[in-house]
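S.K.: How does the following fold in three dimensions:
(chains A, B, C and D)
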2 protein chains.
Amino acid sequence: MTRENDAANALDFEPVLNYRVSEAIYEQIRNKIINGELKPNDRLPSERKLIEIFRRSRPTIREALRMLESAGLIEIIPGSGGAVVQEISAATVTQPLGNMILLKRIRLLELYEFRIINETAYVQWTAERRTEGDIKKMQNILKQMHTLKGDWETLLRYDSEFHKTIAECSRNEMAKIIYNVITKPVRDIMYAKMGELTLKQQEFHKNQLMADHDCILDAIINQDVDKVKELMIDHLNHFKHLIEDE
Amino acid sequence: MTRENDAANALDFEPVLNYRVSEAIYEQIRNKIINGELKPNDRLPSERKLIEIFRRSRPTIREALRMLESAGLIEIIPGSGGAVVQEISAATVTQPLGNMILLKRIRLLELYEFRIINETAYVQWTAERRTEGDIKKMQNILKQMHTLKGDWETLLRYDSEFHKTIAECSRNEMAKIIYNVITKPVRDIMYAKMGELTLKQQEFHKNQLMADHDCILDAIINQDVDKVKELMIDHLNHFKHLIEDE
DNA sequence: GTTATTAAAAATGTAAAACAAAAAAATGTA
DNA sequence: TACATTTTTTTGTTTTACATTTTTAATAAC
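M.R.: Next comes the predicted model:
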């Protein structure tokens, strides 16, 4: 830190940005969405009306709309007037995260390491806070899994649903968000790797998966926080090797 | 799942998208960046040249560029010809994730709970992986903090820098991202709350803050993983009440 | 009167031409 | 060579126009 920087920080100066009109328009609309003035399914004024409102040309307006769309904040349907404010989804985060993985800025092992400590926490919270309804929901998923003869794809879908339910039952909104964000890239790789294994190996993993889940749910029901933590760590470590050296 | 859906899935149909020319151009350029054909600091052709290459009008080209920019893949500097491919950074994930947190209106206590389990993990990783350089960096921050007489604002800035350094030294890219996303909303509230306290209370918290940090750094240096975990949990719990009932 | 068809209106998608502003490159001068 | 000025290039913005698609309204048929 230089002295100049300290002085600037103290005075709370900020670099002058937003010199582009389209960015300024983007900012204004974005803020109204962020602070709730514009809610999901609300319609923005049509392009022509936005021209009148902002007193700017149509290409400029359209560039702003393109940015909003790219950020996942609106969806534009031609013909039917006005862009529609979107319910923000995990995809808006999953996509750039996927980019980072593809460009090797994040190693999958780091992501998995991160997943382990997070899901361990979620399952602990769930063990503490689970309701009768939660238990029924999780039991149902496992029951369906057991009656399943099927392929890996469907099995992994149920596996994902089980973990997702745990995240939801943790009653922590951040847990849900992060779960959704992390899951996709990790699961994409795991599914691919699973296909490369022999049938015997696949069978082994399948049995392990279901046994692990059963134990975890038992511990959740018994609210055995320490045990559920250990079980989840073991469970995730069982499948860690599938994404190693990637 | 209906039978129709299953049939569609089996045939691997996908909805027809990309009807917009600007999106198709965006996709083409994005793919060249993702697969490495275009590397960071490479320059895209100028808008005029892109018009010739894609044989499309300028507004269409510009909308594609605006999308690429919005995704954090390029930066456009006026005058100096051509958009520059960006080194993809955590910011591309931080921004939409930040949007999500703001839009989901997550309760601060949930966010803080999430912060505790995450930062506890980060500090454990850091204790395991810290280098001599890491230690020096953290010692430096604490030294500056001790010589500081100042106000809460500067103190909290150093506090933030200490925690941020821990996240960075954890050598997990997700840790950095999540730290950056969580920090700001939590810290904004804490700073406001701190101002409402009496001078005596402020002094007490100030001393606690610095004592905690010293202990944590000691444990990091000694690579005492269990202890550092306890210390971080205690440290964050000391300040938890500042955001309660918010 | 109700329904189906058709035409009009409105909205987004795209194109072309023009000018402003700012940065880089080229030029000329000392 | 070093500097200042001019020219060129590039992005930012505006205006006008037309194509395409969807919605709405009007019209015709039953």
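S.K.: and chain A, which residues reach DNA strand C?
M.R.: When proximity is defined as CB under 7 Å from any atom of the strand, chain A approaches DNA strand C at A:46-49, A:58-59, A:62, A:65, A:76-83. Just so you know, the C-beta spots here come from the backbone N, C-alpha and C atoms, and that holds for glycine as well.
S.K.: ok, 6 Å please
M.R.: Chain A comes close to DNA strand C at residues A:S46, A:E47, A:R48, A:R62, A:I76, A:P78, A:G79, A:G81, A:G82, A:A83, as judged by CB under 6 Å from any atom of the strand.
S.K.: Give me the ChimeraX select line for those, limited to the buried ones.
M.R.: The following ChimeraX line selects those of the residues of chain A next to DNA strand C that are buried, judged by 16 or more other CB atoms under 10 Å in any protein chain shown:
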select /A:62,76,82,83
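S.K.: Which members of the residues of chain A next to DNA strand C are the farthest-apart pair?
M.R.: Looking at the residues of chain A next to DNA strand C by CB to CB, the two members farthest from one another are A:R62 and A:G79, with 15.7 Å of separation.
S.K.: thinking again about what came up before, which among the residues of chain A next to DNA strand C gets closest to A:G195?
M.R.: Using CB to CB, A:I76 is the member of the residues of chain A next to DNA strand C that lies nearest A:G195, at 37.7 Å.
S.K.: Pipe the residues of chain A next to DNA strand C into TSV and attach pLDDT, distance to chain B and secondary structure per row.
M.R.: Putting these into TSV (pLDDT from 0 to 100; distance: CB to the nearest CB, whole Å; DSSP: H, G, I helix; E, B strand; the rest coil) gives the following:
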residue	pLDDT	distance to chain B	secondary structure
A:S46	90	17	coil
A:E47	92	12	helix
A:R48	90	16	helix
A:R62	94	6	helix
A:I76	90	9	coil
A:P78	81	9	coil
A:G79	74	12	coil
A:G81	67	18	coil
A:G82	79	17	coil
A:A83	90	14	coil
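S.K.: Export the residues of chain A next to DNA strand C as CSV, with columns for distance to A:T120.
M.R.: Below are the residues of chain A next to DNA strand C laid out as CSV (distance: CB to CB, whole Å):
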residue, distance to A:T120
A:S46, 50
A:E47, 49
A:R48, 54
A:R62, 47
A:I76, 41
A:P78, 47
A:G79, 49
A:G81, 49
A:G82, 45
A:A83, 41
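S.K.: Okay, and the spatially most central residue of chain A sits in which element?
M.R.: A centroid search over chain A (CA atoms, centre = their mean) returns A:V181, at 1.9 Å, as the residue closest to the centre. Applying DSSP states H and E as the criterion places A:V181 in helix A:173-196.
S.K.: helices and strands around that helix, which ones?
M.R.: In terms of contacts (3 or more CB pairs under 8 Å, 6 or more residues apart in numbering or on different chains; DSSP states H and E), helix A:173-196 is packed against helix A:91-102, helix A:108-129, helix A:152-169, helix B:91-104, helix B:108-129, helix B:173-196.
S.K.: how about a cut-off of 7 Å?
M.R.: For helix A:173-196, the elements it packs on are helix A:91-102, helix A:108-129, helix A:152-169, helix B:91-104, helix B:108-129, judged by 3 or more CB pairs under 7 Å, 6 or more residues apart in numbering or on different chains; DSSP states H and E.
S.K.: next helix or strand past that helix?
M.R.: With DSSP H and E, the next secondary element past helix A:173-196 is helix A:199-221.
S.K.: Tell me which residues are up against the helix or strand just after that next one.
M.R.: Toward the C-terminus, helix A:199-221 is succeeded by helix A:225-238 as the next helix or strand (DSSP H and E). With CB atoms under 7 Å, 6 or more residues apart in numbering or on different chains as the test, helix A:225-238 has contacts from A:115-116, A:119-120, A:123-124, A:127-128, A:208, A:212, A:215-216, A:219-220.
S.K.: Please list the residues of chain A that sit near DNA strand D.
M.R.: Chain A comes close to DNA strand D at residues A:R20, A:V21, A:S22, A:R56, A:S57, A:R58, A:P59, A:T60, A:P78, A:G79, A:S80, as judged by CB under 6 Å from any atom of the strand.
S.K.: And those, which is closest to A:L199?
M.R.: Out of the residues of chain A next to DNA strand D, the one with the shortest distance to A:L199 is A:P78. That distance is 49.2 Å, counting by CB to CB.
S.K.: what pLDDT does A:I177 get?
M.R.: Note on A:I177: pLDDT of 90.
S.K.: Walk me through the domains of chain A.
M.R.: Recorded structural domains for chain A (assignment: automatic domain parsing) are A:3-85, A:92-243.
S.K.: how far is stretch A:55-66 from where the chain is centred?
M.R.: Between the centre of stretch A:55-66 and the centre of its chain there are 31 Å (CA atoms, centre = their mean, to the nearest Å).
S.K.: now swap in stretch A:184-195 and tell me
M.R.: Stretch A:184-195 has its average C-alpha position 16 Å from the chain's average C-alpha position, going by CA atoms, centre = their mean.
S.K.: How about stretch A:180-199?
M.R.: Computed by CA atoms, centre = their mean, the chain-centroid distance of stretch A:180-199 equals 16 Å.
S.K.: could you flag which of the residues of chain A next to DNA strand D are buried?
M.R.: If we count by 16+ other CB under 10 Å, the residues of chain A next to DNA strand D have these buried: A:S22, A:R56, A:T60.
S.K.: can you tell me the helix or strand for the last one?
M.R.: Secondary structure here is read from DSSP H and E; on that basis A:T60 sits in helix A:58-70.
S.K.: quick one on the thing from earlier: which pair of the contacts of helix A:225-238 spans the longest distance?
M.R.: Of all pairs drawn from the contacts of helix A:225-238, the greatest distance, 26.3 Å, lies between A:E128 and A:Q208 (CB to CB).
S.K.: Helix or strand with the lowest mean pLDDT in chain A?
M.R.: Confidence across the helices and strands of chain A bottoms out at helix A:3-11, with a mean of 42, counting by mean pLDDT, DSSP states H and E.
S.K.: got the buried residues for the following helix or strand past that helix?
M.R.: From helix A:3-11 onward toward the C-terminus, using DSSP H and E, the following helix or strand is helix A:21-34. Neighbour-count burial for helix A:21-34 flags A:S22, A:E23, A:A24, A:I25, A:Y26, A:I29, A:R30, A:I33 (criterion: 16+ other CB under 10 Å).
S.K.: just stretch A:70-78 next, same as before
M.R.: Within stretch A:70-78, the residues scored as buried using 16+ other CB under 10 Å are A:S70, A:A71, A:G72, A:L73, A:I74, A:I76.
S.K.: then that stretch to CSV, C-alphas only?
M.R.: Below are the C-alpha coordinates for stretch A:70-78, written out as CSV (Å, rounded to 0.1, in the frame of the first residue of the first chain):
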residue,chain,number,x,y,z
SER,A,70,-26.4,-11.8,-20.8
ALA,A,71,-26.4,-11.3,-17.1
GLY,A,72,-29.5,-13.5,-16.9
LEU,A,73,-31.6,-10.7,-15.5
ILE,A,74,-34.1,-10.5,-18.4
GLU,A,75,-35.4,-12.5,-21.2
ILE,A,76,-36.5,-11.0,-24.5
ILE,A,77,-39.2,-12.5,-26.6
PRO,A,78,-39.7,-11.0,-30.0
